[in-house]
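**Q** Here's a sequence, model it:
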Amino acid sequence: MFSNIHKPIFFGSLGLLLLVTLPLILFPEVGRIWVMAAQAFVTDNFGMLYLGMGVASLGFMIYIVFSDIGQIKLGDVDAEPEFSLFSWGAMLFAAGIGGAVVFWGMVEWMYYLQSPPFHLEPFSEEATAWATAYGMFHWGPIAWSIYLVPALPMAYFLHVRKHKVLRISEAIRPVLGEKLARSWLGNLINILFIFGMLGGGATSLGILVPLINEGLSNLFNFTPNAASQIAVLIGTTALFAISAWRGLKGGIELLSDINMWLGLAVLMFVLIMGPTAFILDTGLNAIGLMLSNLLRMATWTEPFGNLGGFEDSGFPGAWTIFYWAWWLVFAPTVGLFIARISKGRRIKTMVAGSMFFGTLGCALFFIILGNYGLYLQLSGTLDVIAIMNETSANAAFYAVLSQLPLTWLVTLAVVILLSIFTATTFDSIAYILSSAAEKNLEEEPGRFHRLFWAFTLSLLPMSLLFLGGLETLQTASIVSGVPLLLIAVLLMMSMVRAAKYDLRFQPDYSEPEINIEEFPENDPWTEQGSWELPDDTEGEGPKPQT
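**A** Next up is the predicted model:
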């Protein structure tokens with residue numbers, strides 16, 4: 001197991017994980033207070049940087065799609081995509097979002113309706129309209145742009161330059177230089193990203209396991225308890241451990257395809273059996289509202305809060321800044337996974353396809369599940385918000401499902417959907433964790449190495465679920481996202497610098513598909529190389545394909 005492992009990264013990641021989690025387990029109250037204070041400090045002082053990073057990521061992806069860089073093929077001239085377009089879209093969606101979109105797609109509007117943005121009157125018609133749009137915004141194009149920031153340079157170095165290493169430090173070598181990227185600084189950057197993956201993964205398990213547990217209790221009439229929660233966690237761990245053992249094609253691809261079809265079936269059932277016209281009308285209105293106000297929503301900082309008698313709702317910090325920080329912490333996992341499965345496609349296809357499949361998939365859950373719950377609330381059929389406030393969001397989630405015909409079957413399908421989503425997401429995380437901790441990635445990381453990270457991902461939330469530390473770990477992961485803001489900038493610079501140099505180095509290249517085939521004897525970011533080109537290798541620029 002350890003023959004191909006990069007030991008400084010492997011043991012450094014485990015060491016940082018223990019350093020953070022042991023105090024939370026031993027002194028949970030003190031740890032929670034300290035980390036929550038750190039989160040407040042980060043939100044108040046770095047919030048605008050997170051918002052700026054979101055806008056910059058979206059702008060960067062638009063630039064990539066319409067530039068020569070977007071035409072570069074990820075792989076050799078004759079390389080074909082490893083996966084069909086459907087399987088590719090299903091895999092990146094399952095890895096990037098997981099079961100969380102099922103839950104938040106159903107309940108997120110309830111929070112916005114009670115505490116709306118822009119200081120609107122709660123429960124007003126305008127607040128209701130914004131409540132249907134803000135979820136799609138937070139899970140939309142900007143979220144997927146943040147995911148793609150590490151995906152771009154990693155895919156380029158993995159498939160174009162054939163660097164058989166799936167680590168963030170490899171992707172920023174054109175900016176830092178080879179010597180610095182492979183020093184302690186590069187190891188530290190990799191460790192921070194792996195810690196973010198573990199923290200994000202453990203927290204998501206902590207959200208989804210209780211939701212699956214409550215669904216099973218509704219199906220089989222038992223009271224949820226600690227034992228049933230552990231059983232659910234063990235069951236989902238076994239599912240994604242089997243998938244991790246089978247690898248990409250036999251595991252993740254198969255589960256993702258099943259999950260996509262099952263998710264579409266659940267959504268179509270709710271759409272047809274629910275108030276179809278209301279769901280579609282509200283969804284179209286929400287899409288228009290989001291698109292026409294995208295920049296306003298992405299840059300609202302509430303700068304006058306608590307000044308001059310103006311209200312401070314805390315909405316940007318509680319939601320938009322939180323989400324951008326959360327996507328950034330998860331970006332290494334999703335970005336590296338997107339990079340791994342995108343061989344054979346053009347860069348613009350990877351970018352546009354990820355944003356399209358990701359945004360569309362999330363929007364469908366918010367439009368259909370969310371607007372069905374909203375209809376029950378507005379029509380007086382079911383006071384969903386009261387159930388959430390008096391009991392829990394999980395109870396409200398299943399209360400909405402209980403209003404559909406064939407309730408038992410629908411609930412069973414949703415529980416299976418959540419379980420497979422969870423397994424697929426954490427299988428993907430285990431795959432990327434093991435890949436990042438290996439010296440060289442010729443094919444797939446070792447099976448036992450993948451299993452090690454799969455069980456590590458499950459043991460962490462198993463201990464924290466009952467010690468009250470999951471919220472603290474989530475917050476700690478978000479605080480750790482501050483240095484990732486700088487790394488995100490370095491990743492964008494690195495992508496442009498390396499690709500532009502390689503395009504100039506080609507004697508000739510043509511559009512619409514550019515194949516990078518010529519490379520310098522010494523890479524320009526090494527001590528022996530130079531960013532200057534020999535006179536006889538200057539390319540003449542893009543030429544139309546004949």
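
**Q** Confirm for me that G529 is in contact with N522.
**A** Yes. Assessed by C-beta atoms under 8 Å, G529 is found in contact with N522 at 3.7 Å. For every residue, glycine as well, the C-beta is placed using N, CA and C.

**Q** need the helices for the stretch 101-250 of the chain, in chain order.
**A** Counting by DSSP state H, counting those that start in this stretch, the segments of the stretch 101-250 of the chain that form helices are 125-138, 141-155, 168-171, 173-176, 178-181, 184-220, 226-247.

**Q** Buried residues, the fifth one. List them.
**A** Buried residues in helix 178-181, counted by 16 or more other C-beta atoms under 10 Å: E178, A181.

**Q** what about it, average pLDDT?
**A** For helix 178-181, mean pLDDT rounds to 85.

**Q** what's the answer for the longest one, then?
**A** Averaging pLDDT along helix 184-220 gives 78.

**Q** can you check the last one too?
**A** The average pLDDT within helix 226-247 is 73.

**Q** what's the helix or strand that that helix is followed by packed up against?
**A** Per DSSP states H and E, the first helix or strand lying C-terminal to helix 226-247 is helix 253-273. Applying 3 or more C-beta pairs under 8 Å, 6 or more residues apart in numbering; DSSP states H and E, one finds that helix 253-273 contacts helix 85-96, helix 226-247, helix 347-365, helix 407-436.

**Q** what sits up against helix 253-273?
**A** By C-beta atoms under 8 Å, 6 or more residues apart in numbering, the surrounding residues in contact with helix 253-273 are 83, 86-87, 89-91, 93-95, 102, 243, 246, 279-280, 364-365, 368-369, 372, 404-405, 410, 413-414, 416-417, 420-421, 423-424, 427.

**Q** dump the residue contacts of the closest residue to S145 other than its chain neighbours.
**A** Leaving aside its chain neighbours, S145 sits nearest to S57 (3.9 Å; criterion: C-beta to C-beta, 6 or more residues apart in numbering). Contact partners of S57, counting by C-beta under 8 Å, 6+ apart, are I142, S145, I146, L148, V149, A488, M492.

**Q** which residues in the stretch 1-150 of the chain form strands?
**A** Secondary structure of the stretch 1-150 of the chain (DSSP state E, counting those that start in this stretch): no strands present.

**Q** residue ranges with poor pLDDT in it?
**A** 1-14, 16-32, 34-36 (pLDDT under 70).

**Q** If we use 80, what do you get?
**A** Within the stretch 1-150 of the chain, the ranges that satisfy pLDDT under 80 run 1-45, 94-99.

**Q** how close does the spatially most central residue of the chain sit to C362?
**A** Centroid check for the chain by C-alpha atoms, centre = their mean gives G96 as the closest residue, at 4.0 Å. With distances taken as C-beta to C-beta, to the nearest Å, G96 is found 9 Å from C362.

**Q** and what of L503?
**A** Relative to C362, L503 is positioned 34 Å away (criterion: C-beta to C-beta).

**Q** Looking at the two, which one has more neighbours?
**A** With neighbours defined as other C-beta atoms under 10 Å, L503 and C362 compare such that C362 has more, 24 against 19.

**Q** The more buried one reaches V102, doesn't it?
**A** No. Assessed by C-beta under 8 Å, C362 is found out of contact with V102, at 10.4 Å.

**Q** longest helix in the chain, by residue count?
**A** Longest helix of the chain, by residue count under DSSP state H: helix 28-66.

**Q** what's the angle from that helix to helix 347-365?
**A** 130 degrees (axes from the mean of the first three to the mean of the last three C-alpha atoms, to 10 degrees).

**Q** distance between helix 28-66 and the chain's centre?
**A** Offset of helix 28-66 from its chain centre (C-alpha atoms, centre = their mean, to the nearest Å): 14 Å.

**Q** just stretch 370-380 next, same as before
**A** Worked out by C-alpha atoms, centre = their mean, stretch 370-380 lies 28 Å from the chain centre.

**Q** what does that stretch rub up against?
**A** With C-beta under 8 Å, 6+ apart as the test, stretch 370-380 has contacts from 105-110, 113, 128, 131-132, 135, 270, 274-275, 278-279, 282-283, 286, 381-385, 396, 400, 403.

**Q** Check the model's average confidence along it for me.
**A** Mean predicted confidence for stretch 370-380 is 96.

**Q** Stretch 176-194: end-to-end distance?
**A** 20 Å (C-alpha to C-alpha, to the nearest Å).

**Q** what helices or strands is the helix or strand harbouring M493 leaning on?
**A** Under the criterion of DSSP H and E, M493 resides in helix 482-505. Judged by 3+ C-beta pairs under 8 Å, 6+ apart, helix 482-505 is in contact with helix 28-66, helix 141-155, helix 168-171, helix 173-176, helix 184-220, helix 321-341.

**Q** check contacts around the residue lying closest to W300 once chain neighbours are set aside.
**A** Computed as C-beta to C-beta, 6+ apart, the closest residue to W300 that is not its neighbour in sequence is P316, at 5.7 Å. Contact analysis of P316 by C-beta under 8 Å, 6+ apart lists G47, L51, W300, T301, E302.

**Q** need those in CSV with neighbour count and distance to A352, can you?
**A** Formatted as CSV, the contacts of P316 follow (neighbours: other C-beta atoms under 10 Å; distance: C-beta to C-beta, whole Å):
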residue, neighbour count, distance to A352
G47, 19, 29
L51, 20, 24
W300, 15, 27
T301, 14, 29
E302, 19, 33
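
**Q** just checking, which of the helices of the stretch 101-250 of the chain sits deepest inside the structure?
**A** helix 141-155 (a mean of 28; mean count of other C-beta atoms under 10 Å).
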